[in-house]
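Enquirer: My questions are about this predicted structure, shown below with the sequence.
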Amino acid sequence: MCGRYTLGMTPAEVLAALRAEGPPPDQPPRWNVAPTQAVIVAVITNEGGRRLRHMRWGLIPRWAKDPAIGNRLINARAETLAEKPSFRDAYRKRRCLIVADGFYEWRKVGGRKEPVWIHPVDGGVLTFAGLWETWKGPDGATVESCTIVTTEANALIGTFHHRMPVILPEEARDRWLDPAPREPSELADLLVPFPPERLALRTVTTRVNSPAREGPDLLDPAPPAEGGGDSITE
DNA sequence: CCAGACGTTGTT
DNA sequence: GTCTGG
DNA sequence: CCAGACGTTGTT
DNA sequence: GTCTGG
């Protein structure tokens, strides 16, 4: 799954990395992005370019009476999203990229959970396959919200966790964003896997990854574990 | 027909 | 809104 | 995902 | 333990 991630780039860097038009995102670098918060999302414009927007993380279905329903719809399983009432319309017509530069998964060490930060080997941006939706409240207020598509863990992450976000490589982004309505049968071809060898792991020192904690210090490397290292942890 | 669900993950 | 279960 | 709450009444 | 909020 993907329930916590980072985007520690400046707004200008984010805009350039996505080759997006329009203003840069109005949000500082982040190292502890949590569900229900405003996140940075790329969508396609009517002219075929990309634009960055802020959306609430946790998709609120159009039919929801209580927007809190979105609090738990932070992920959409790739295996079922094309059929699920909460996601199928968004899959057909409202696909997006959720912009990150790393994400956390937790591995069990003894009885405890230890955060691991997964990031591109050479830095830079990661784009998660996402879906988005517009919700209108009874008072006329509208909320745009989004969810991150998940899939089975790849060879790297599968060593300690069984799910992960779908990370689209650069060459798959435009096709995911293309506004053409998509059928369920097209999904598998749209979700191009990101090569595991282009990702690296880093164990994080921080044991209490509180939502209040922010800053690059969250990513300070942990001290080496007893009894030898982990060759895939940088 | 109406009522109620509609989702994911992890853990048991 | 739309589908499923009773 | 993790962190933090988890309850009521009446009175000020 | 389980749910809600961030």
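Expert: Nice, I can see it.
Enquirer: My reading is that residue A:175 is in a helix; is that accurate?
Expert: Yes - secondary structure of residue A:175 (DSSP: H, G, I helix; E, B strand; the rest coil): part of a helix.
Enquirer: which secondary structure element contains the closest residue to DNA strand D within chain A?
Expert: Residue of chain A nearest DNA strand D, by C-beta to the nearest atom of the strand: residue A:3 (2.1 Å). The way it works is simple: take the backbone N, C-alpha and C, and place the C-beta from them, glycine included. For residue A:3, there is no host helix or strand (DSSP states H and E).
Enquirer: so what's it up against?
Expert: Shown in contact with residue A:3 (C-beta atoms under 8 Å, 6 or more residues apart in numbering): A:34-35, A:74-75, A:104.
Enquirer: try it again with 7 Å
Expert: Residues in contact with residue A:3 (C-beta atoms under 7 Å, 6 or more residues apart in numbering) are A:35, A:74.
Enquirer: can you pull the pLDDT of the nearest residue to residue A:81 once chain neighbours are set aside?
Expert: Using C-beta to C-beta, 6 or more residues apart in numbering and skipping the chain neighbours, the partner closest in space to residue A:81 is residue A:87 (4.3 Å). pLDDT recorded at residue A:87 is 96.
Enquirer: ok, residue A:87 touching residue A:132?
Expert: No - Residue A:87 lies out of contact with residue A:132 (C-beta atoms under 7 Å); the separation is 10.5 Å.
Enquirer: So which residues on chain A come close to DNA strand B?
Expert: By C-beta under 7 Å from any atom of the strand, the part of chain A that sits against DNA strand B consists of A:1, A:61, A:63, A:72-73, A:75-77, A:80-81, A:84-87, A:108, A:113, A:150, A:161-163.
Enquirer: run the last query once more with 6 Å
Expert: A:1, A:63, A:72-73, A:75-77, A:80-81, A:84-86, A:150, A:161-163 (C-beta under 6 Å from any atom of the strand).
Enquirer: For stretch A:99-111, buried residues please.
Expert: With burial defined by 16 or more other C-beta atoms under 10 Å, the residues of stretch A:99-111 counted as buried are A:99-107.
Enquirer: want to try CSV for those, with pLDDT as columns?
Expert: Output for the buried residues of stretch A:99-111, formatted as CSV (pLDDT from 0 to 100):
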residue, pLDDT
A:99, 98
A:100, 98
A:101, 97
A:102, 96
A:103, 96
A:104, 95
A:105, 94
A:106, 91
A:107, 89
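Enquirer: Good, we can wrap up now.
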